[in-house]
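In: Kindly return the folded structure for what I paste below:
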Amino acid sequence: MTCKEAVYSENVLDYIISNYRGEGYVRAYYNPDCYMAYDNIQAVIYQEIQQINSENIEKYGFSAIPNVYGLMSEEALEDSGVLRIRRQPYLDLYGQGILIGIVDTGIDFTHEAFINADNTTRIVSLWDQTILEGDGTEQFPYGRVYGREEINQALGEENPQSLIQSRDEIGHGTFLAGVAAGNENEREEFSGVAPLAELVIVKCKQAKNSYREYYGIPGDVPAFQENDIMAGVAYVLDVARRERRPVAICVGMGTNMCTHDGDSNLPVFMDRYTAVQDVAMVACAGNEGNARHHHHITRREESIGIDVEGDLDGFMSQLWWQTPGNLTLSITSPSGDTLTDVRAVSGTRRRRVFVQENTAVELYFGIAQEQTRSQVVVFRFISPKAGVWKVNVSFTHANVDFHMWLPIRQFLSSEVFFLEPEPDVTICNPGSGRNLIAVSAYNTANDALYLQASRGFTPSGNVKPEVVAPGVNLTGPYPRGMYGTMTGTSVAAALTTGISALCMQRYSAYSISGISVKEVLIRGAVPRGIPYPNTEWGYGMVDAYASVTQD
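Out: Residues are numbered from 1 along each chain as shown. Sure, this is the predicted structure:
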């Protein structure tokens, strides 16, 4: 089986390994059907499985299982300080010489927002992971890469898409690319933040059905595997290296199935390269602040109520805890049937069918994660009956400060929520990464925080989000030549990615890293709320002008 076949096969499982030590080690320890290295630390391996089930998915421990991520105006430019920059001719900051990478749902390359006045493209490279006929990239042999020359040739045709088959059926990636770097359009009263930057675009393929089923994600919801997003980020970095140009990369996706402390594969990968010169990484904070999907455990004995409002095929929940001490739990169904006194022993699993509800509950106790001391209890509710399910936890150690999360809202086909939720500590991955920039959203109409915006900090106390940007009813391009509006923290992240590009242009003589870009944004931010920084606004509202004119 070739790697290309493995990538698309529903009979193959993908595992992310964080201890890559070369081909000899991978072959001896994992014996995969194929593998691809992201760098000299992380890699993805592929193994054909006769029977795909949760036990096989969990074969190499929870940290190896790819997570699955979901998708999260001129007025906005004014409030974020971008137009004030443009009124200062001595600054001349439009993103010249900077690349902006969008790893998302693709792009409508025919949209006027991405075409120069001479009918040439502003896209340096487009990697569409979904195209089966392509040869992929040098590093990842799947999908199809289109370079600038091919896109320009297509734009000269009467039907450009007869030469380039890549589409953005969802429109999310097109919109984010436009907000970050779209052409100025007076007729539509629209401009991207960095309209002279150029673009590197990755269209991620949809998650395999085996992982959708494992995480309980409905089949009709856009969902993307962590390993494919990581490959997309790696590809953008490779293009930037070849072009010898600074790059700001935006990831507008998120997940709740993580420690929320930046310890899982994607944020660790992004963090590593945020410390590299001429690379900035930006991620959305998430839209989970009022979803009621986080419960904070602070007592040695605690009952956690999960209200399931309607029928659904299943869902996952995760409880993250740390030793010293032991954890014992029980589960009580809506009818009162109870699975009692299950002790958390790393690497073990339990399954119980609650007959009256006709619901199966699987428990998996993950071994200590490679990037952290945290351990996980994975709850898989399969065909859960509506009603209140109770998880009773008992810890032997007095110092209890643990967390439990439900999936992001779009991964649930019916309402599921905690009876005693906590809106803080809801920053989604990869936004919880320590080095990268996490961006929340506010409404420019009233300067109020976006109602659904996720809130910080992380469980270990890292300040997230760093900044808040306009993200409500922003104007941007949609496929098929249209313009429209979109709301969410992913939109705010795209806008901040454009501002990051302006900062990189402003300080290009110093060849600054993404960590330095973050510090520039923090120093220019307008403080909001008390205390400072705080869980809602972080260090404040992004102000591009203040950031690029500070000493």
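In: Could you use CA atoms for every contact and neighbour count after this?
Out: Fine.
In: Okay, now the sheet partners of whatever helix or strand Ile249 lives in, with direction.
Out: Under the criterion of DSSP states H and E, Ile249 resides in strand 247-251. Applying DSSP bridges, strand 247-251 is found paired with strand 99-104 (parallel), strand 279-284 (parallel).
In: pLDDT on it, on average?
Out: Per-region confidence: strand 247-251 scores 98 on mean pLDDT.
In: need the next SSE after it, C-terminal direction.
Out: strand 253-254.
In: Val439 versus Pro407, what's the distance?
Out: Note on Pro407: its distance to Val439, by Cα to Cα, to the nearest Å, is 20 Å.
In: In terms of neighbours, single out the busier of those two.
Out: Using other Cα atoms under 10 Å, the more surrounded residue of Pro407 and Val439 is Val439, with 36 against 26.
In: Number of residues surrounding Arg373?
Out: 12.
In: ok, now the one 4 residues further on?
Out: Number of residues near Val377 (other Cα under 10 Å) recorded here: 23.
In: sec struct for it, please.
Out: Under the three-state scheme (DSSP: H, G, I helix; E, B strand; the rest coil), Val377 adopts strand.
In: Mind listing the residues bridging to it?
Out: Leu319, Phe365.
In: looking at it, it is touching Arg350, isn't it?
Out: No. Using Cα atoms under 8 Å, Val377 is not in contact with Arg350, being 10.9 Å away.
In: Contact partners for Ala248?
Out: Ala248 is in contact with 98-101, 279-282, 497-498, 500-501, counting by Cα atoms under 8 Å, 6 or more residues apart in numbering.
In: Which pair in the residues you listed has the greatest spatial separation?
Out: For those, the maximum inter-member distance is 14.8 Å, found between Ile98 and Val282 (Cα to Cα).
In: which of the two has more neighbours?
Out: Each of Ile98 and Val282 has its neighbours counted (other Cα under 10 Å); Val282 has more, 31 against 27.
In: Would you check that that one makes contact with Ile437?
Out: Yes. With contact defined as Cα under 8 Å, Val282 reaches Ile437; the gap is 4.7 Å.
In: Distance-wise, check Glu420 relative to Gln139.
Out: Distance, Glu420 to Gln139, using Cα to Cα: 46 Å.
In: re the thing from before, what sits in contact with each of Val282 and Ile437?
Out: Here Val282 and Ile437 share the contacting residues Gly431, scored by Cα under 8 Å, 6+ apart.
In: Do you have the helices of the stretch 201-350 of the chain handy? List them.
Out: Ranges of helices within the stretch 201-350 of the chain are 209-215, 226-243, 265-274, based on DSSP state H, counting those that start in this stretch.
In: distance between the first one and the chain's centre?
Out: On the basis of Cα atoms, centre = their mean, to the nearest Å, helix 209-215 sits 18 Å off its chain's mean C-alpha point.
In: which parts of it are buried?
Out: 210-215 (16 or more other Cα atoms under 10 Å).
In: so for that helix, what's the average pLDDT?
Out: Mean predicted lDDT for helix 209-215 stands at 96.
In: Packing partners of that helix?
Out: Packed against helix 209-215 by the contact rule (3 or more Cα pairs under 8 Å, 6 or more residues apart in numbering; DSSP states H and E) you find strand 68-71.
In: So for Val391, which of the helices of the stretch 201-350 of the chain sits nearest?
Out: Nearest of the helices of the stretch 201-350 of the chain (Cα to Cα): helix 209-215, 18.8 Å.
In: And the next helix or strand past the strand or helix carrying Val7?
Out: Per DSSP H and E, Val7 falls inside helix 3-8. The helix or strand immediately downstream of helix 3-8 is strand 12-17, counting by DSSP H and E.
In: And the contacts of that following strand?
Out: 6-7, 42-49, 52, 57, 60, 63-66, 210, 227, 265.
In: Next: stretch 145-162.
Out: 109-110, 119-121, 123-128, 134-137, 163-164.
In: Pull up the distance across that stretch, start to finish.
Out: Counting by Cα to Cα, the terminal residues of stretch 145-162 are separated by 16 Å.
In: With stretch 446-456 instead?
Out: Stretch 446-456 stretches 22 Å from its first residue to its last (Cα to Cα).
In: Could you point out which residue ranges in the stretch 201-350 of the chain have low pLDDT?
Out: Applying pLDDT under 70 to the stretch 201-350 of the chain flags no residue at all.
In: switch the cut-off to 90
Out: Along the stretch 201-350 of the chain, segments meeting pLDDT under 90 span 311, 323-325, 346-347.
In: residues contacting Asn227?
Out: Taking Cα under 8 Å, 6+ apart as the test, what Asn227 contacts is 14, 16, 44, 66, 266.
In: Buried ones among those residues?
Out: 14, 16, 44, 66, 266.
In: Let me have the residues you listed in JSON lines, extended by distance to Asp168.
Out: JSON lines is the format used below for the buried ones among the contacts of Asn227 (distance: Cα to Cα, whole Å):
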{"residue": "Asp14", "distance to Asp168": "25"}
{"residue": "Ile16", "distance to Asp168": "27"}
{"residue": "Val44", "distance to Asp168": "26"}
{"residue": "Pro66", "distance to Asp168": "24"}
{"residue": "Leu266", "distance to Asp168": "23"}
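In: Just the closest of those to Glu188, please.
Out: Distances from Glu188 to the buried ones among the contacts of Asn227, taken by Cα to Cα, are shortest for Leu266, at 36.1 Å.
In: my read: the closest one touches Pro430, true?
Out: Yes. With contact defined as Cα under 8 Å, Leu266 reaches Pro430; the gap is 6.2 Å.
In: re earlier: among the contacts of strand 12-17, which ones are buried?
Out: Buried among the contacts of strand 12-17 by 16+ other Cα under 10 Å: 6-7, 42-48, 52, 57, 60, 63-66, 210, 227, 265.
In: In strands, which of the residues you listed appear?
Out: The members of the buried ones among the contacts of strand 12-17 that map onto strands under DSSP state E are 43-48.
In: With distance to Pro195 and pLDDT added, can I get these in TSV?
Out: Formatted as TSV, those follow (distance: Cα to Cα, whole Å; pLDDT from 0 to 100):
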residue	distance to Pro195	pLDDT
Ala43	35	96
Val44	35	97
Ile45	39	96
Tyr46	40	97
Gln47	43	96
Glu48	45	96
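In: closest to Gln550 among these?
Out: Distances from Gln550 to these, taken as Cα to Cα, are shortest for Ala43 (40.3 Å).
In: and that closest one, what are its bridge partners?
Out: Ile17, Ala37.
In: which residues does it contact?
Out: Ala43 makes contacts with 16-18, 20, 35-37, as judged by Cα under 8 Å, 6+ apart.
In: go again using 7 Å as the cut-off
Out: For Ala43, the contact set (Cα atoms under 7 Å, 6 or more residues apart in numbering) comprises 16-18, 20, 36-37.
In: ditto for Ala231
Out: Per Cα under 7 Å, 6+ apart, neighbours of Ala231: Tyr38.
In: Distance-wise, check it relative to Asp341.
Out: 42 Å.
In: tell me the two of the contacts of Ala43 that are most distant?
Out: Ser18 and Met36 (12.3 Å).
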